[in-house]
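In: coordinates only, no sequence provided:
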């Protein structure tokens, strides 16, 4: 984040425009540009030089607010994507399970649109590094654009490579594996992790979890194996009529955690 | 974390000894010391100079492994505590909602045993800072010891103060409020937050959530208000008989998120 | 259910036609009639005289099956309705909480489209009776048609009346209250229930639950008060790729149970 | 239920004595008998002839209430049991899935302590019948005593038989299968079910669900296959501090439903 983007919106700063619960837009502020919506138009010139958190009027007279976008906002609005599986509810637990912190060297297998990559890169900071393997060229391109847009590309090494054929790095502090057949990278993964380091595997179906558990057990170099699901329940935020939303995302995937130890 | 504690266990390094699922101990390695258990004794000398992740034999001949403790391990085993309410499942979502990252200045109201403090301090890194208000002197003492034990005390400013009477800091990037009457600090909190910055309130009972929602609405300087519960479901990690654990922690508290904007 | 509708489909028998997961139709078999769909047409003559459970061919050659509709099937496909709040997951718990059984006299306040009425009527059998109060005339009409369609109308006394103004019956064995302000009928309800009989209140919002709990406590004639939510999680029924459905109904309403005792 | 046990407690009537949330006792009222507790003693003579729902005083002066026990109360307090797996939350959904009603002939495989048997017997009424297979003699004895205690034994045919070797009955309207290897009875079950009738299988582990799904698919005579979990969330019933209980039963088992159709 550039210094100028912290409190004041200046040329090139990212903006989250919130008109109402469903009308939310993310863009970069540019002199002379406009942001359209079915509720009216915002002239960027009206917000340049203003503080984040300001209230602004659209051409229609309708009021809106401009905010500094969080990663979660990008995920909802600002990311180009083809697939999306891991949700912020899962990312949060992944951060805790892997004990992620600034300076870490993190391995990622399966990049998708790069959202998980962004979460990892944001936590490891400028001194950390994320090494991300992805077999699909189009995903690499999308993830690259997304990471550049939010200024995290410099912390990420995107690799158009099949991790099942090998992993180049060493002394990895933590790993996130989002691929359908993680047992196929288990030996490579084991080799590149630091002793005692953990890995989280994201798997949509029960059968994959079972097969991975068997593979981890057969391998013999893992302990602390655990399996989780995170259910996030949202409520209508009304003090006078509080109630859970009628529908919810009930399943994204299972998280399997294990940490490397010496072989038995 | 000292350099020596990354891969090799040396004098003073923290160790998580795992004998089995229920026998887990955290201690600092000290020449000549021993760690007892009902399954046998570990002589520290047997692990000094060894890699984390090593397998060791107890006096009984039973095998165990030594790991580098994560924050989550400290929470389960190594923390002195009087109360514990916020769980890692909640911390993960808090990190995502607040967009926590290295360098941030975070405000915490309600320290308890300091576990949430530790999570915040770990993420903001050496350049960040956590300002933590707590009204109970005994909690301050416990939190201080806990933070020192894990080497995060230097990033935290512990204040034995009632935040309802005022908050000293300014330009706060994010806040976590864990107190029974958060509406009583809302005006101070609003003043010290950066524009567009977010706060998460942790509240065990529905009635508190309702009252906070009303207070946020009346105040007029908050948007994006949302209410969540995180349910974490663990599974017995057996590939041949996978099933959820019979019981689970079904409730810790509700998380209310809101971000500061200009007053209407 | 007429005898002829048990195993063999005859003139007038109800039929659930299942073409695939999403194409399901309920109708009465009538000589000469047809059931259309975008996958082909079923001539009723092709199923008259056949067993329930038979496989049939549509005009397109596509295979389908004909089943005897359950109440749950009617709820999904065969009921005219304006609103629907209580789901089968809730009905199941209501049956257990109220100890519903054949011969009981059940009171219902708030009929809606009559689906809960049908569930109650089915369990109490021919010797039981359901007394159903509803303030909206259009709901009464819809419920009447729905109950006639499934042959349960003779067990139900539908009353276009506001229960807040009084309840005629006495010696009621169990009650289901689905109205926004149940505290307004509490005194009438108490009077007509048998001693020790239970009532279940269905309430969508937290605030209603709180108010009812306070009213039950103030009244002084209720014990065993309990509050529940039922979460039903469905799975994709694939042995080779089992996983929960991505979305689920996360909230219909809260169930509050209490039973009548002598006033303190 | 004898007529005399409906409103007035007379000799031999079942009684649920509730002293407080945790002190609950079920017994039969007997002239001259007493019910002890650590909070005082109840002389049965003090309640004989009184209405259910009455408030009574123990020898200690502490007040309690006497209620007519529901099946759910028996399950919690009054049943001798060796194992208990299916809970009322599951029974409720089973009743709805199987469209249970008075007069039905229900098959049960796996009796356990007879609680599910009692639920089925209560719903099918005097004209219905439950045929229950159980391989363990001790379970049969316990279930028999339990069913006699609650007056439902006359509706149940308990069979000390292995259903895998064959099922005697025919024209069964619904079935509940609670055994570890239900695929071993699938052919017998199919034969004895009426066309279009449903069966619910209760299975604790994921692997069993997968194997059953494969078996149902291979057999070819089943449709509407679905898999469910019921999560029941209880709340502390306090209007001024409503919140979910901290812990909950997070898993009893999965319910698999399927209905018989003609073979493909």
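Out: Cool, got the structure. Please read all numbers here as calculations on a predicted model, not as lab measurements. Numbers count the residues shown, from 1 in each chain, chains lettered A, B, ... in the order given.

In: give the contact list for residue A:216.
Out: A:186, A:222, A:225, A:256, A:258 (C-beta atoms under 8 Å, 6 or more residues apart in numbering or on different chains). Glycine gets a C-beta too; all of them are placed from N, C-alpha and C.

In: surely the third one meets residue A:213?
Out: This means residue A:225. Yes - between residue A:225 and residue A:213 there is a contact at 6.8 Å, judged by C-beta atoms under 8 Å.

In: shared neighbours, these two?
Out: If you check residue A:225 and residue A:213 against C-beta under 8 Å, 6+ apart, the residues they both contact are A:256, B:237.

In: who has more neighbours, the two?
Out: Between residue A:225 and residue A:213, residue A:213 has the larger neighbour count (other C-beta atoms under 10 Å in any protein chain shown), namely 23 against 16.

In: you'd agree the more buried one is in a helix?
Out: Yes - per DSSP: H, G, I helix; E, B strand; the rest coil, residue A:213 lies within a helix segment.

In: count of residues packed around the nearest residue to it once chain neighbours are set aside?
Out: Residue nearest to residue A:213 in three dimensions, not counting chain neighbours: residue B:239, with 3.5 Å by C-beta to C-beta, 6 or more residues apart in numbering or on different chains. As a burial measure, residue B:239 scores 19 neighbours (other C-beta under 10 Å).

In: wait, doesn't residue B:239 sit right on residue A:218?
Out: No - taking C-beta under 8 Å as the definition, residue B:239 is not a contact partner of residue A:218, at 9.5 Å.

In: about what we covered before: list the residues that contact the residue nearest to residue A:213.
Out: A:209-214, A:217.

In: just want the residue of chain A that's nearest chain B.
Out: residue A:92 (2.4 Å; C-beta to the nearest C-beta).

In: that residue: what secondary structure?
Out: Strictly by three-state DSSP, residue A:92 counts as helix.

In: which residues touch it?
Out: Contacts of residue A:92 by C-beta under 8 Å, 6+ apart are A:230, B:89, B:91-96, B:230.

In: how close does it sit to residue A:155?
Out: 20 Å (C-beta to C-beta, to the nearest Å).

In: go on, residue A:34?
Out: Taken as C-beta to C-beta, the span from residue A:34 to residue A:155 is 33 Å.

In: mind checking which of those two has more residues around it?
Out: Counted by other C-beta under 10 Å, residue A:34 and residue A:155 do not tie: residue A:155 has more neighbours, with 21 against 13.

In: who's in contact with that one?
Out: Residue A:155 neighbours (C-beta under 8 Å, 6+ apart): A:121, A:124-126, A:128-130.

In: same thing but at 10 Å, please
Out: A:106, A:117-118, A:120-130, A:147 (C-beta atoms under 10 Å, 6 or more residues apart in numbering or on different chains).

In: contact partners for the nearest residue to residue A:185 once chain neighbours are set aside?
Out: Excluding the flanking residues, the one nearest residue A:185 by C-beta to C-beta, 6+ apart is residue A:163, at 4.9 Å. The neighbours of residue A:163, taking C-beta under 10 Å, 6+ apart as the test, are A:107-110, A:131-135, A:175, A:177, A:179, A:182, A:184-185, A:188-189, A:192.

In: mind listing which of the residues you listed are in strands?
Out: A:107-109, A:131-133, A:175, A:177 (DSSP state E).

In: can you list the strands that the longest strand along chain A pairs with?
Out: Longest strand in chain A, counting residues (DSSP E): strand A:222-236. Here strand A:222-236 has these sheet partners by DSSP bridges: strand A:243-244 (antiparallel), strand A:254-260 (antiparallel), strand B:222-236 (antiparallel).

In: tell me which of these sits most buried.
Out: strand A:254-260 (a mean of 24; mean count of other C-beta atoms under 10 Å in any protein chain shown).

In: distance between that strand and the chain's centre?
Out: Here strand A:254-260 is found 18 Å from its chain centre; the criterion is C-alpha atoms, centre = their mean, to the nearest Å.

In: same deal with stretch A:12-22?
Out: 19 Å.

In: residue A:139 - nearest residue in space that isn't next to it in sequence?
Out: Per C-beta to C-beta, 6+ apart, closest to residue A:139 is residue A:111, 5.5 Å.

In: contacting residues for the one you found?
Out: Contacts of residue A:111 by C-beta under 10 Å, 6+ apart are A:117, A:130, A:132-136, A:139-140, A:142-144, A:146-147, A:156, A:158-160, A:178.

In: re earlier: redo the contacts of residue A:216 as TSV? Include pLDDT.
Out: Formatted as TSV, these follow (pLDDT from 0 to 100):
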residue	pLDDT
A:186	98
A:222	97
A:225	97
A:256	98
A:258	98
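
In: nearest to residue C:23, of these?
Out: Of all the contacts of residue A:216, residue C:23 sits closest to residue A:256, with 37.4 Å by C-beta to C-beta.

In: next, count neighbours for the closest residue to that closest one other than its chain neighbours.
Out: Nearest non-adjacent residue to residue A:256, counting by C-beta to C-beta, 6+ apart: residue A:201, 4.3 Å away. Counted by other C-beta under 10 Å, the residues lying close to residue A:201 total 28.

In: try residue A:77
Out: 15.

In: what about the stretch 151-264 of chain A, any weak spots by pLDDT?
Out: Scanning the stretch 151-264 of chain A for pLDDT under 70 picks out no residues.

In: close to chain D: what parts of it are there?
Out: A:206-207, A:209-210, A:231, A:242 (C-beta under 10 Å from any C-beta of the partner chain).

In: so which of those residues are in strands?
Out: residue A:231.

In: list only buried entries from the residues of the stretch 151-264 of chain A next to chain D.
Out: Neighbour counting by 16 or more other C-beta atoms under 10 Å in any protein chain shown classes A:206-207, A:209-210, A:231, A:242 among these as buried.

In: not counting sequence-adjacent ones, nearest residue to the residue in the stretch 101-250 of chain A positioned nearest to chain D?
Out: Nearest residue of the stretch 101-250 of chain A to chain D, counting by C-beta to the nearest C-beta: residue A:206, 5.2 Å away. In this structure, residue A:206 finds its nearest non-sequential neighbour in residue C:242, 4.2 Å apart by C-beta to C-beta, 6+ apart.

In: likewise residue A:229?
Out: In space, residue A:229 comes closest to residue B:233 once its chain neighbours are excluded; the distance is 4.4 Å by C-beta to C-beta, 6+ apart.

In: and what of residue A:250?
Out: With C-beta to C-beta, 6+ apart, the residue lying closest to residue A:250 is residue C:248, at 3.7 Å.

In: show me the contacts for the one you found.
Out: A:231, A:246-251, C:231-234.

In: same thing but 8 Å
Out: Residue C:248 sits in contact with A:247-248, A:250, C:231-234, where contact means C-beta under 8 Å, 6+ apart.

In: name the element it belongs to?
Out: In this structure, residue C:248 is located in strand C:247-249 according to DSSP states H and E.
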